[in-house]
Structure formats: structure tokens, C-alpha cells
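Chemist: The sequence and its predicted three-dimensional model are supplied below.
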Amino acid sequence: MPIYEYRCDNCGHELAKLQKLSDTPLTDSPSCQQSALVKLISAAGFRLKGSGWYETDFKPGKKKNLASCESDGACQSCPAAQG
């Protein structure tokens, strides 16, 4: 279930609510009791990073765009250390 963020246009109160996709959006502010809540647009809660399937699979030959290593290749399992 996604977490939706809301802000009241009347008093400025902000809140986050865990809701189902099928739930109706909230409208009443818990702070001022007015029907002035607006759903905010926020960034996704995950980031694709590393050498997962989205980086390495389905690409022919050496066209694999592996993520750069932040430890300058110091770890043995790091793709940067292997060449």
C-alpha cells in the first residue's frame, strides 16, 4: 500500500497516510476540521542502483552499464575491481 501525503490549504497542516489504491482521498484536515486537504505529489520511495537485472540482463556483449562503485573498487565483489 502506498503512503500518500496531504497538505491543508486552510491551515498548512501536513500529514502522511497509508492507504489502498482504491481508497478515496482524504478531504478533512485533522488540525482545523476544514475540508481543504490536497494530495501532494512526492518522489518514489525506492531507487534502482547496483548491478541488478535492470543493469545487466538483456544487453548483448559488453554493453552492460554497471553502476559505478562508490568505494573506488576496494571491495572484492565490486564490478569495478574485476575490470
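Modeler: Great, that's in hand.

Chemist: what's across from residue 6 in the sheet?
Modeler: Beta-bridge pairing of residue 6 under DSSP bridges involves residue 15, residue 39.

Chemist: for this protein, what spans make up the strands?
Modeler: For the chain, the strands defined by DSSP state E occupy 3-8, 14-18, 37-39.

Chemist: Columns distance to residue 25, mean pLDDT and mean neighbour count on top of the ones you listed, output as a markdown table?
Modeler: (Glycine included, C-beta is placed from N, CA and C.) Shown next, in a markdown table, are the strands of the chain (distance: least, C-beta to C-beta, whole Å; pLDDT from 0 to 100; neighbours: other C-beta atoms under 10 Å):
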| stretch | distance to residue 25 | mean pLDDT | mean neighbour count |
| --- | --- | --- | --- |
| strand 3-8 | 7 | 94 | 16 |
| strand 14-18 | 9 | 94 | 12 |
| strand 37-39 | 5 | 95 | 16 |
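
Chemist: Now render those as JSON lines, adding distance to residue 30.
Modeler: Listed next are those as JSON lines, based on distance: least, C-beta to C-beta, whole Å:
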{"stretch": "strand 3-8", "distance to residue 30": "9"}
{"stretch": "strand 14-18", "distance to residue 30": "7"}
{"stretch": "strand 37-39", "distance to residue 30": "9"}
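
Chemist: The ones you listed: which one's closest to residue 28?
Modeler: strand 37-39 (6.6 Å; C-beta to C-beta).

Chemist: ok, residues contacting stretch 7-24?
Modeler: The contact list for stretch 7-24, computed with C-beta atoms under 8 Å, 6 or more residues apart in numbering, reads 1-6, 26, 29-32, 34, 36-38, 40.

Chemist: Now do the end-to-end distance for it.
Modeler: The straight-line separation of the ends of stretch 7-24 (C-alpha to C-alpha, to the nearest Å) is 16 Å.
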